[in-house]
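*Asks:* sequence unavailable; structure follows:
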DNA sequence: AGCAGTTTCTATACATGTATAGAAAGTAGC
DNA sequence: GCTACTTTCTATACATGTATAGAAACTGCT
């Protein structure tokens, strides 16, 4: 299409994304609303919907740009360690993105800018001896774990901020020690036990189990 | 408190939960709004908030009841298989709950009625030779994987229903075969490759890796 | 210039979760 | 019975994402 038709646009997707990023960086992801964003770009909320399908897509595009700009880590030669390193890089990339949690409802990663991660993971898994099919399975399993871990960790953080009685706390409070001996044993230490970062442990176990 | 004070309640939490369950079963979880629920119970939306902190807690309580009513499977003697079986039961329990996805933003399972699952998993992990601390880690890693898998699967299902171009499809369409050889190789078969249920494979790998 | 077609933008409206203020309906002490 | 207090409920309001209808601004054709 050499000559475009129709009313000429006053705003572009890129402009919207840039403004969104600005808002997020300045005032946090919680303040990013379509109306606020529109104000920032100098238009109305509904005008944004011509450049972006919905808010979820907006955040996805943002995540995409973000991931595309990250440095790719060097990967070790050993295939097993390669998978672990790539997975941890993926985890770090997504964790570092404050709005990622709202988009994590994806069955797999993801988007143009983030394809590096699945590519490396699948490739390393094949090098480790898996068939391509198994390698794809492995990647998706790792992704599910990664997404679940990040979502969980984000929820925990939010809960700690908001304060108030956790539903879990109540569950632990009325815990029957006879019926649930193990949980009773650790109930008092739960907060402490679950504060540690166990992601690496998890991927290592996963990779060990998957590549054998 | 033998004699209660204050205006006597016209509705109870149990009543609300029952009505909510009825609405979900009859018209789907998508139609469950606070106003609809209030109408069903014969009160106003805001009145519900005296019996339930917010909608999330409502769904959590519902999930709790649901999980509490499920039959507990027999667990095999072998500790490793025991963990796998308990995890799969947990997965099945949560998957079977249509509204669970909206509540899955929890850092760990969960609630009074569902404590059976973590108890069994931690216990089996200890029997398999882990310390209590490691067993708790193992349980949470399994939970993160489980939650991520369910959320992903739900997102995929939704996307299939709604139709329209997936973001992923677009990503695959403009895929550079030189930069991403592995992904290009499987791009055409992605839908087929990711349709299979890989949860069992994942937990098995995870348990293998964790219990060694 | 005028008409048709296309794209972008504006105005308005709606459903939703939930905050807030205050009314209603009880109990206990006097 | 009256007042103080407590709990529950009602009315109203607001921010949010987004649907819908139509106006506005452009191109190309006649």
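*Replies:* Perfect, I can see it now. A quick note: this is a predicted structure, and the numbers were derived from the prediction, not measured.

*Asks:* residues making contact with stretch A:20-30?
*Replies:* Stretch A:20-30 is touched from outside by A:31-32, A:36-37, A:40, A:58, A:62, A:65, A:98-99, A:102, with contacts defined as CB atoms under 8 Å, 6 or more residues apart in numbering or on different chains. Bear in mind the C-beta positions are built from the backbone N, C-alpha and C, glycine included.

*Asks:* nope, stretch A:122-135 is what I was after
*Replies:* Counting by CB under 8 Å, 6+ apart, stretch A:122-135 makes contact with A:75, A:79-80, A:82-83, A:86, A:121, A:136, A:138-139, A:210-211, B:181-183, B:185-186, B:193, all of which sit outside it.

*Asks:* repeat for stretch A:200-212
*Replies:* The contact list for stretch A:200-212 (CB under 8 Å, 6+ apart) reads A:79-80, A:83-84, A:87-88, A:91, A:125, A:128-130, A:134, A:138, A:141-142, A:145-146, A:149, B:137, B:141, B:144-145, B:202, B:204-210, B:212.

*Asks:* quick one: mean pLDDT over that stretch.
*Replies:* Across stretch A:200-212, pLDDT averages out at 96.

*Asks:* cool, stretch A:102-109 as well?
*Replies:* Model confidence over stretch A:102-109, given as mean pLDDT, is 72.

*Asks:* surely residue A:182 is in contact with residue B:116?
*Replies:* No: with contacts defined as CB atoms under 8 Å, residue A:182 does not count as touching residue B:116, sitting 11.3 Å away.

*Asks:* number of nearby residues for residue A:159?
*Replies:* 17 (other CB atoms under 10 Å in any protein chain shown).

*Asks:* continuing past the strand or helix carrying it, what's the next helix or strand?
*Replies:* Following DSSP states H and E, the helix or strand that holds residue A:159 is helix A:132-162. Taking DSSP H and E as the definition, the helix or strand that follows helix A:132-162 towards the C-terminus is helix A:167-173.

*Asks:* up against DNA strand C, what does chain A have?
*Replies:* Residues of chain A lying close to DNA strand C (CB under 7 Å from any atom of the strand) are A:4-11, A:43-47, A:50-51.

*Asks:* what is the most widely separated pair among those residues?
*Replies:* A:5 and A:45 (25.4 Å; CB to CB).

*Asks:* more neighbours: those two, which one.
*Replies:* More neighbours sit around residue A:45 than around the other of residue A:5 and residue A:45, counting by other CB under 10 Å; the figures are 13 against 6.

*Asks:* wait, the more buried one touches residue A:34, no?
*Replies:* Yes: taking CB under 8 Å as the contact criterion, residue A:45 and residue A:34 are neighbours in contact, 4.4 Å apart.

*Asks:* how far does stretch A:94-101 stretch from start to finish?
*Replies:* End-to-end distance for stretch A:94-101: 8 Å, by CA to CA, to the nearest Å.

*Asks:* and that stretch, how far from the chain's centre?
*Replies:* Going by CA atoms, centre = their mean, to the nearest Å, the spacing between the C-alpha centre of stretch A:94-101 and its chain's C-alpha centre is 5 Å.

*Asks:* stretch A:8-27 too?
*Replies:* Distance of stretch A:8-27 from the chain centroid (CA atoms, centre = their mean) equals 21 Å.

*Asks:* quick one: list the elements packing against the worst-scoring helix or strand of chain A on mean pLDDT.
*Replies:* Of all helical and strand segments in chain A, the minimum by mean pLDDT, DSSP states H and E falls on helix A:167-173, at a mean of 76. For helix A:167-173, the packing partners by 3 or more CB pairs under 8 Å, 6 or more residues apart in numbering or on different chains; DSSP states H and E come out as none at all, with no helix or strand in contact.

*Asks:* what does it contact?
*Replies:* A:183, A:187, A:190, B:57, B:60, B:106, B:108, B:110-112, B:115.

*Asks:* same deal with stretch A:7-14?
*Replies:* Contacts with stretch A:7-14, where a contact means CB under 8 Å, 6+ apart, come from A:41-43, A:47-48, A:50-52, A:61.

*Asks:* what about the residue of chain A at minimum distance from DNA strand C, neighbour count?
*Replies:* When you check chain A against DNA strand C by CB to the nearest atom of the strand, the closest residue turns out to be residue A:6, at 2.1 Å. Each residue near residue A:6 was counted by other CB under 10 Å, and the total is 5.
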